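J.: Pasting the sequence and the predicted model now:
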Amino acid sequence: MQLCRMRKLSLPIAALISLAIIAVTAAILYMYGRAPICPCGFVKLFWWGPRGALQESQHVLDIYSATHVLHGILLYFVIWLVGRGRVPAAAGLIIAVALESGWELWENSNYLIDTTIGRFILTLYEKRVDSADLPFFLALLDHLADKGLPVPRAIRDRGHRAFHGSRQRT
C-alpha cells in the first residue's frame, strides 16, 4: 500500500524534499564546525585547481560537487536496479539524496566510543586533509588539554607516537 502512495509523489515535491534533506545536512555539518564557505573567504560559481588547495571545497561547482552528483546518479541507478524499475523516480531521488547526505555526515564526523577501558573520541580525517598537518593538530590538542581545556588527548602507542601516517594504495 505504501508503494502506491509513493507513486503519487510528484517530482517537484520530491525535489523540494531533497533540497530540505540537503539543507538539514548542511546545517548539521555547520554545527559540527564545518565552514559554510571556502576558507579563502569567497565563493566562486566554478572552481578548479590543485589538490589540497584551500579553495578545493565549498564552492558552488567544484570537484566535490561533481562527485556528489555522480554518486547520486549511481545511487539512483542502484535503487532502480534493486527495485527492478518499481521504485518511482520521485522516491528514488529522495532515497539517493538521503543516502548521499548520510555519507557526507558519516565522512565528516567525530564518534564517541564507549569501551570497557574508557570513553574515546574517534575522528576521521578526510582525504583533503594533508597528513603532514595531522601531527600539528594532535600536538595542539595535547597543548590545550595541558592548559586545562576539555579537549581529547591523542592516544599514544608504546613508542609514544600519536600518529603513524597512512598507507597509500597503488
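T.: Structure's in. What do you need?

J.: contacts and neighbour counts: CA atoms only from here.
T.: Will do.

J.: What's the per-residue pLDDT of the residue nearest the centre of the chain here?
T.: In the chain, the centroid-proximal residue (C-alpha atoms, centre = their mean) is E104; its distance is 2.7 Å. E104 is assigned 81 on the pLDDT scale.

J.: Kindly report the same for L124.
T.: 68.

J.: how about the helices in the chain?
T.: 2-7, 11-31, 63-82, 89-107, 134-146 (DSSP state H).

J.: can I get the ones you listed in JSON lines with distance to T116?
T.: Formatted as JSON lines, these follow (distance: least, C-alpha to C-alpha, whole Å):
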{"stretch": "helix 2-7", "distance to T116": "43"}
{"stretch": "helix 11-31", "distance to T116": "30"}
{"stretch": "helix 63-82", "distance to T116": "38"}
{"stretch": "helix 89-107", "distance to T116": "24"}
{"stretch": "helix 134-146", "distance to T116": "23"}
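
J.: so which of the ones you listed is the most packed in?
T.: helix 89-107 (a mean of 18; mean count of other C-alpha atoms under 10 Å).

J.: which stretches of the chain have low pLDDT?
T.: Residue ranges of the chain with pLDDT under 70: 1-7, 50-57, 108-109, 124-130, 163-170.

J.: List the residues that contact the residue nearest to the centre of the chain.
T.: By C-alpha atoms under 8 Å, 6 or more residues apart in numbering, the residues touching E104 are T25.

J.: for the helices of the chain, which one sits closest to T123?
T.: helix 89-107 (9.7 Å; C-alpha to C-alpha).

J.: Report the angle between the closest one and helix 11-31.
T.: Calculated by axes from the mean of the first three to the mean of the last three C-alpha atoms, to 10 degrees, helix 89-107 forms an angle of 10 degrees with helix 11-31.
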